[in-house]
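S.K.: Generate a structure from the sequence data that follows.
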Amino acid sequence: MLKTKFFVLLSLFCLHFVTAQQKKEIFVEYAEFFDVDEIQFPDAILLTGNVRVSHEGAILFCNKAYLFKKENYLKAFGEVRMVQGDTITMTSTYAEYNGENKLAYASGNVIMTSPSSTLKSEVVHFDRNSQLAYYTTGGTINDKENVLTSQAGTYVVQNKMYQFRKAVTITNPKTVIKTNHLDYYENVGHAYLFGPSTITSKENYIYTEKGFYDTKKNLAHFVKNSYIKYNNRRIEGDSLYYDRNKDFASATRNVKITDSINNSIVKGHYGEIYKAKDSLMMTKRAVAMTLVEKDTLYIHGKRLIVTGKPEERVIRSYPNVRFYKIDMSGKCDSLHSSEKTGLTKLMGNPVMWNYENQMTGDLMHLISNKETEKLDSLKVLNNTFIASKDTIGTGFNQVKGQNLYGKFRDNKLYEVDVVKNTEVIYYMRNDEQELIGINKSASSSINMTLDENEINSITFFTKSEGEIYPEKDLPENARKLKGFIWRGEERIRSKDDIFPPEEQEYEEQMKRETQADAKKEVVPMEVRKETLEQLELLKEVKKEVDSRS
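M.R.: I've put the predicted structure just below:
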């Protein structure tokens, strides 16, 4: 009887061997014991002891297996190990394999290894046709640089790429990445983030809803609702580039850099920041906004540069500088402002308006009180002019001299000294604002006091000469000092006036582009050129290695 049963099993095995070669069925290479039990396991071969089966390039090892011949299906138990060439090895306590569609299922302490990484999960499905492995019960992946965890994930064998979904975390010695949607190319270390995502490190904190991060080279590019926070600064823009190695970030379109220490914001459409150098540069409709007491100072220039630590911060702007705050505005070619000294220099044909007073000269110095942050004093050097319109008529009050030294109280000019070769034209009025006469005088220097931004008194010093003319006795061509130019049409009267027409046109263009992007379909970031190039290069290297071996 035993002999008969043995021959039956041998005949079944030989028949299976022939048909497996013809129909690409699962082939049993070895087992210590073969058995059949048509009552409990109809149409199944029961294999036990060092079982080894193969199917189209994959080999499966286990302690026990049930092979269902008609279904071309295998159930494996105990120390299961499935090997697919040099690409995938998967171990588990239980597995199932379908030879018809080449689908594998593994459960119980599943460990799947590739040349670059190791996946651990309780359940893993592996589709050998599409070369996809996936899990939905939570998994952990380790490679040389990172530990990755997620609730669900798919591994694309051909591209060595993981698609992670739900509660995704990537941890390495430098950063922790958290998201709900991430594609990760393990060979090149490229991560693609989609949806609310964060990247945290000792140096900074990054948020994005669509972006790319090279975990090996520490380079990143973020393109939706993104910002970087470090050292009380926040950098945001429609497109952010970040190089962690150089501590460098650049941003394009709708760029905003917030400095919480200095209560300042810098905006524009292109900006660069070097953290190590504590510097930033902004252009493309650049504007720096600084809170001064209860007012905001707006500074625009074609290029804005901010350098230095908070207490030593320096702002430089050029060319075509314009600035505005409620009580003061002006223009010049370039500006230099030091937080440490409280000195702001206006250079290159500067003009400034403090309320109704226009001041011009070759060079201007504004000095602030560092404690109160209020304006303290003013210097206008060389070819000084201070002028204001007569309160009623069409004339201009004018003071001309070599240099001007002014003092501020509550940001209002209240006293002015003009020295060397001073000249004055002043419309004198009584309390009823009736014109008494026009004072036209010259002296070596003068002192003026102002009340409510109007001249209250004028004192002339040494070699004073001049007289008060009745209006009818002083012709129009004598009512302006030599070199006087009224620049009232250039006056900056609002924060929007600081931008020249070409900058405003650029702003409208950026708005149109932003609106166009908002209408586009929300989809993950396309695979970047450098990822595809590096994957292709790795394939070529592998081919070369395989050909030599």
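S.K.: Could you use CA atoms for every contact and neighbour count after this?
M.R.: Will do.
S.K.: residues touching Ile261, list them.
M.R.: Asn232, Pro310 (CA atoms under 8 Å, 6 or more residues apart in numbering).
S.K.: Same check on Met525?
M.R.: Tyr192, Leu193, Phe194, Lys210, Gly211, Phe212.
S.K.: 10 Å instead?
M.R.: By CA atoms under 10 Å, 6 or more residues apart in numbering, the contact set of Met525 is Asp183, Tyr192, Leu193, Phe194, Glu209, Lys210, Gly211, Phe212, Phe222, Val223, Lys224.
S.K.: go on, Arg233?
M.R.: Contact analysis of Arg233 by CA under 10 Å, 6+ apart lists Asn204, Ile257, Thr258, Asp259, Ser260, Ile261, Asn262, Ser264, Ile265, Lys275.
S.K.: ok, of these, which come out buried?
M.R.: The neighbour-count test (16 or more other CA atoms under 10 Å) applied to the contacts of Arg233 identifies Asn204, Ile257, Thr258, Asp259, Asn262, Ser264, Ile265, Lys275 as buried.
S.K.: these two touch, right, the fourth one and Ser279?
M.R.: So the one you mean is Asp259. No: at 11.9 Å, Asp259 does not count as touching Ser279 under the criterion of CA atoms under 10 Å.
S.K.: Low-confidence regions, the protein specifically.
M.R.: 1-23, 293, 452-453, 463, 538, 541-549 (pLDDT under 70).
S.K.: What are the boundaries of the helices in it?
M.R.: Residue ranges of the helices in the chain, as given by DSSP state H, are 2-23, 501-519, 529-548.
S.K.: who does the shortest one touch, helix- and strand-wise?
M.R.: In this case it means helix 501-519. Secondary-structure packing of helix 501-519 (3 or more CA pairs under 10 Å, 6 or more residues apart in numbering; DSSP states H and E): strand 248-259, strand 264-274.
S.K.: Make TSV out of the ones you listed and add distance to Ser377.
M.R.: Below are those laid out as TSV (distance: least, CA to CA, whole Å):
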stretch	distance to Ser377
strand 248-259	27
strand 264-274	23
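S.K.: Of those strands, which is nearest Leu535?
M.R.: The closest approach between Leu535 and any of the helices and strands packed on helix 501-519, judged by CA to CA, belongs to strand 248-259 at 26.5 Å.
S.K.: How far off centre is that closest one?
M.R.: Put simply, strand 248-259 sits 6 Å off its chain's centre (CA atoms, centre = their mean, to the nearest Å).
S.K.: can you state the direction angle for it and helix 501-519?
M.R.: Using axes from the mean of the first three to the mean of the last three CA atoms, to 10 degrees, the inter-axis angle of strand 248-259 relative to helix 501-519 is 100 degrees.
S.K.: Mind listing the strands strand 248-259 pairs with, and their directions?
M.R.: Applying DSSP bridges to the sheet, strand 248-259 is found paired with strand 233-237 (antiparallel), strand 239-243 (antiparallel), strand 264-274 (antiparallel).
S.K.: For these, please prepare JSON lines with the additional fields distance to Met428.
M.R.: Converted to JSON lines, the strands paired with strand 248-259 look like this (distance: least, CA to CA, whole Å):
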{"stretch": "strand 233-237", "distance to Met428": "53"}
{"stretch": "strand 239-243", "distance to Met428": "60"}
{"stretch": "strand 264-274", "distance to Met428": "43"}
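S.K.: so which of the ones you listed gets nearest Gly85?
M.R.: Closest to Gly85 of the strands paired with strand 248-259, according to CA to CA: strand 239-243, at 38.4 Å.
S.K.: which of the residues in that closest one are buried?
M.R.: Buried residues in strand 239-243, counted by 16+ other CA under 10 Å: Ser239, Leu240, Tyr241, Tyr242, Asp243.
S.K.: May I see the buried ones among the contacts of Arg233 organised as a markdown table, with distance to Leu481 added?
M.R.: Shown next, in a markdown table, are those (distance: CA to CA, whole Å):
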| residue | distance to Leu481 |
| --- | --- |
| Asn204 | 59 |
| Ile257 | 46 |
| Thr258 | 46 |
| Asp259 | 46 |
| Asn262 | 43 |
| Ser264 | 41 |
| Ile265 | 42 |
| Lys275 | 51 |
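S.K.: Can you name the residues that contact the residue nearest to Leu60 when sequence neighbours are not counted?
M.R.: In this structure, Leu60 finds its nearest non-sequential neighbour in Met82, 4.3 Å apart by CA to CA, 6 or more residues apart in numbering. Residues near Met82 by CA under 10 Å, 6+ apart: 52-54, 58-62, 88-92, 95, 97, 104, 106, 112.
S.K.: again, only using 6 Å
M.R.: By CA atoms under 6 Å, 6 or more residues apart in numbering, the contact set of Met82 is Ile59, Leu60, Thr89, Met90.
S.K.: Show me what it bridges to in the sheet.
M.R.: Under DSSP bridges, the beta-bridge partners of Met82 are Leu60, Met90.
S.K.: Got the phi and psi for Ser114?
M.R.: The phi/psi pair for Ser114 (degrees, to the nearest 10) reads phi -120, psi 180.
S.K.: now, which of the contacts of Arg233 sits nearest Thr290?
M.R.: Ser264 (4.3 Å).
S.K.: what's the spacing between the residue nearest to Leu60 and Thr93?
M.R.: 11 Å (CA to CA, to the nearest Å).
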